[in-house]
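Colleague: This is the structure alone, sequence omitted:
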């Protein structure tokens, strides 16, 4: 099918997915038992709030009202503190993207590098050693790694700050180059925690993918033609393996957005994960549905972008990417 | 550790070694087993897994104390490892070795159950999507996309936060229900490529029903990615359980799992590292071993190496 | 791929970039402030408040920040004496007098100003009382003001309080519970929206510090008001930094990225802080006690008695089965004391000789047997008429200490054939469940006011039904004794009555009183004149100082 038709189909599918996600979350949170009132609010006051927020209406009616409000760009106000949901989420997005971006960069650089190196030196000592090291790191609970990194690099060596996203005195807002550097400095430890575990997974996957490609005919042909080993590796294997890596990239997003709760809690990182977590426990419905919406939009957009890049790079891949391994968990 | 416990431990080790050796004997006669045991790591991995399962089964014999008993909350709190307390005691003066051994039961059980649900569901959906194709495939795969767009922790938190008193078994099933998406894609890919193969075409030509074709002909040949998924899945579930415990939603105390041992003792991580180190190592060992065994299975069932 | 030449220059390019950035970064260290009024104090706080509007928040951090932003009419002194008015310090009120036994007249300090320039007037005082008293605002402080009939303004600087009855702590009730609010800013806000009002996120006060900014989930910053009429605060900047994990918050202080951590809680933390060279440890009496509350009504229907805890003898047996001293030693070492009743060490009625139930498992077993709770089916858990002696212990997931206690209690109960299950849920849900009576037992913490009168009545008498008396404890004799104690005119006269009241309550075992924390605070050594008033550690922050020769980088920053 033509590029335009394919693109249109993918766009429509993406919108449908976002829609489905939001509906699912909406139903889930409204079907659950329990009152929506935060803290020890008086029953009479809670009833008043319920009426005010329209929570006593039927589920379909609430759903329609929500969609209508959404169409006007209004995601509602938080039940806990009255802030507009859009503002609250917008406040966390830069931090989440910062952390996710840094973690993915580390994941990419380290994982790809390790995976390629391992594939080139396959079954020899460096491969075996690295293989076991990556597996070990992959099997660590992330919060354990986080506490360890904090102890060594934050408290003992004092190379990096112990938690927080920025220097509260000098840089509560980013208004200079120094503050940009400050932010990056604060990002290192949390991104390292996420990135290391991710890189371990990526390295394993990349190695396997590259070995897979190595067996394929055209690589054998190139080798048979007498091309130098290095060129064979770098040109052919890398390109194809890269494509599968990009696919895997998209799978990491949902986790980094709202699944990195533990990391955000330990490092006091003001990201979307913590916002969603607190909101879920406080039964702050507007914030929960809002974060689900934004998170799924970002994820789906990321997947769409990945598919476009894949499709551009190799028209043969203009179907769903079929070989994937599960994303790394917390 | 009592003499009896040491004895039981020794016996377990011996039994493990014998079992692994018995399996290796098969390698002498069968090609697949030979390929399975090609790398030494696989043997080790298998050995460790067998050992851990046996330890879990023989827990009352190997562990000298009651896992929940707080031995002496004033004097034996955070005691470092010694001959009596092989792996030390935790913040509530409970023996870490005993809890790790009993924890194997719950942890391995949780891992197995979660992975089972995930793999079963993923295989089913993937097989159906890959076999029937067209609109069934499209719908199912869109569903998978939706599932992948929401992170697991989010859904799990919602389930726990919104349903008071959710039993932990139900939570494991929910973990399984949210972990099958990757498996389904893998299985679908295998099924897609397998369905063109001669033996499938032949079966269908002979009039075999779809279900029969899927279960008897396609899936057995797609076993490799399924088994590998399962192996990795167990590890993922174990790690997830640790995270949930850290967030305060895990197996209810006082029953030990490796995950909630790490979470409970995290505040003492700097002053009494043994109480978090050993359950963490246990999890790592299981993940490492499962991966080694999964690699072995992949090699054993690799269609490229099968005689045509 | 990269050509050979590019590959060679890569490393040097990277090095140059890193050096350049580092150089720029170093240059940014602006440090200009010198003298006695510099100084930045960063507090490593854990829980972020929801709102900074005083009547709407019982949050501890909100209260600490409120101390800096909003003034009370007068405040208790370091002696914590709440009887009469001699030991109170004037704040917003310059002087006061009694105009008859039930009428108190305050004269406001004419120098007092709101941070937007408007003068503080008696209209603000009147408005504040009406707001605190309004059921729509639903302030948790409302019950404490029930003895005040009205507050009116006689002129712009004179406020008149009228009481319903005469009692020794009239002055205390008039000044302690309310922070005076700016009427001109809050009058337009509808009362039912106070909890979520924008003013709570950008408050305008009249205190020694003014609000600068609130970075959600990160920090709240206050700056000293140099024109503050009671004296310019020496510390120029106060920052509360939020770190959800207590361990990491303590780590921040140890790593010299924060200056104060007002509560260290665990012995491990105290040990680590003592080992840190730049920190000093301060102790002050704690104002919090923690207890296991027994719900005496059925969880699904508050009109019916609880199948287990309605029985006084059973409650007493359970209280006797628990070794409080050992649990305390295990969990807290020397950092806390076993409370002799529902009180913290701050309360003057604290007396370790108050009669309490002893630790006696043999007696506990006997009593339970006598009440018909025996193990009829051999499963290790006592039962009676088919109902097992099993219940849930509820507590918030955020408290590591309460979790540890829950596990300790679980084991102690198991030893006498009682099965306790752990229920860890989020703090707000705990509040909801105990508030509506949907629980069996819960580990709760109570913060004491300096006076036992308001708090004890709130939590342990019929007046607290539907309020803080979650377990619905009621004993007519206890209430009689409390009434008498509250109206006694001197502490010496009140003491024996309070003692008798506490002994009555202890005998009824409405709960098990587990621990009263002594507060251990970590403060950076360079800070001088550190004073902690036990009922509110932040109340005297404005008197802390950093000598000019001890300034460090973060003190000198000019912004």
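Modeller: Nice, thanks for sending it over. What you see is a predicted model, and the numbers here were worked out from it, not measured in a lab.
Colleague: any idea of the mean pLDDT in stretch A:257-264?
Modeller: Mean per-residue pLDDT for stretch A:257-264: 82.
Colleague: The closest residue to chain A within the stretch 101-250 of chain B: how many residues sit nearby?
Modeller: In the stretch 101-250 of chain B, the residue that lies nearest chain A is residue B:162 (3.0 Å; CB to the nearest CB). Every C-beta, even on glycine, is put in place using the N, C-alpha and C of the backbone. By other CB atoms under 10 Å in any protein chain shown, 19 other residues sit near residue B:162.
Colleague: Now do stretch A:69-87: distance to the chain's middle.
Modeller: Averaging C-alpha positions (CA atoms, centre = their mean, to the nearest Å) puts stretch A:69-87 23 Å from its chain's average.
Colleague: Sorry, wrong one. I was asking about stretch B:221-232.
Modeller: Distance, centroid of stretch B:221-232 to centroid of chain: 13 Å (CA atoms, centre = their mean).
Colleague: Stretch C:373-381 too?
Modeller: Between the centre of stretch C:373-381 and the centre of its chain there are 42 Å (CA atoms, centre = their mean).
Colleague: Repeat that for stretch B:42-55.
Modeller: Computed by CA atoms, centre = their mean, the chain-centroid distance of stretch B:42-55 equals 13 Å.
Colleague: How about stretch C:500-514?
Modeller: 22 Å.
Colleague: Please see if it touches chain B.
Modeller: No. Using CB under 8 Å from any CB of the partner chain, stretch C:500-514 stays clear of chain B, coming no nearer than 13.5 Å.
Colleague: Can you list the buried residues in that stretch?
Modeller: Residues C:500-506, C:508-514 are the ones in stretch C:500-514 that count as buried (16 or more other CB atoms under 10 Å in any protein chain shown).
Colleague: sorry, back to before: check the residue of the stretch 101-250 of chain B closest to chain A and give its pLDDT.
Modeller: Per-residue pLDDT puts residue B:162 at 71.
Colleague: just to revisit the earlier point, which of the buried residues of stretch C:500-514 are close to chain A?
Modeller: Within the buried residues of stretch C:500-514, nothing lies near chain A by CB under 8 Å from any CB.
Colleague: So which of these sit within strands?
Modeller: C:511, C:512, C:513, C:514 (DSSP state E).
Colleague: Show me which of the buried residues of stretch C:500-514 is closest to residue C:145.
Modeller: Checking the buried residues of stretch C:500-514 against residue C:145 with CB to CB, the nearest one is residue C:501 at 22.9 Å.
Colleague: hang on, that closest one packs against residue C:483?
Modeller: No. Counting by CB atoms under 8 Å, residue C:501 stays clear of residue C:483, with 9.4 Å between them.
Colleague: returning to that earlier point: quick check: the residue of the stretch 101-250 of chain B closest to chain A vs residue A:132, distance?
Modeller: For residue B:162, the distance to residue A:132 (CB to CB, to the nearest Å) stands at 41 Å.
Colleague: follow-up on the earlier one: could I get the buried residues of stretch C:500-514 in TSV, plus columns for pLDDT?
Modeller: Converted to TSV, those look like this (pLDDT from 0 to 100):
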residue	pLDDT
C:500	95
C:501	94
C:502	95
C:503	96
C:504	95
C:505	95
C:506	96
C:508	95
C:509	95
C:510	95
C:511	95
C:512	96
C:513	96
C:514	97
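Colleague: Grab the nearest non-local neighbour of the residue positioned nearest the centre of chain B.
Modeller: Chain B has residue B:234 as the residue nearest its centroid, 2.3 Å off, counting by CA atoms, centre = their mean. Distance criterion CB to CB, 6 or more residues apart in numbering or on different chains; nearest residue to residue B:234, sequence neighbours excluded, is residue B:111 at 3.9 Å.
Colleague: cool, residue C:210 as well?
Modeller: Residue C:210 sits nearest to residue C:115 (CB to CB, 6+ apart), 4.5 Å away.
Colleague: Give me the below-cutoff pLDDT ranges for chain B.
Modeller: B:164-165, B:302-308 (pLDDT under 70).
Colleague: For residue A:274, see how far away the residue nearest to the centre of chain B is.
Modeller: In this view, residue B:234 and residue A:274 are 29 Å apart by CB to CB.
Colleague: Residue A:117 now?
Modeller: Residue A:117 is 36 Å from residue A:274, by CB to CB.
Colleague: more crowded one of the two?
Modeller: A direct count of neighbours by other CB under 10 Å for residue A:117 and residue A:274 places residue A:274 higher, at 23 against 16.
Colleague: Which of the three states applies to residue B:265?
Modeller: helix (DSSP: H, G, I helix; E, B strand; the rest coil).
Colleague: Contacts only, for it.
Modeller: By CB atoms under 8 Å, 6 or more residues apart in numbering or on different chains, residue B:265 lies in contact with B:90, B:91, B:272, B:275, B:276.
Colleague: Would you check which pair of those residues lies furthest apart?
Modeller: Checking the contacts of residue B:265 with CB to CB, the most distant pair is B:91 and B:276, at 10.3 Å.
Colleague: got the contact list for residue 297?
Modeller: Answering for chain A, as no chain was given. Counting by CB under 8 Å, 6+ apart, residue A:297 makes contact with residue A:18.
Colleague: hm, I was asking about chain B
Modeller: B:36, B:224, B:227, B:228, B:231 are the contacts of residue B:297 under CB under 8 Å, 6+ apart.
Colleague: Mind checking the pLDDT average for the longest helix belonging to chain A?
Modeller: For chain A, the longest helix by residue count, based on DSSP state H, is helix A:177-214. Helix A:177-214 comes out with an average pLDDT of 85.
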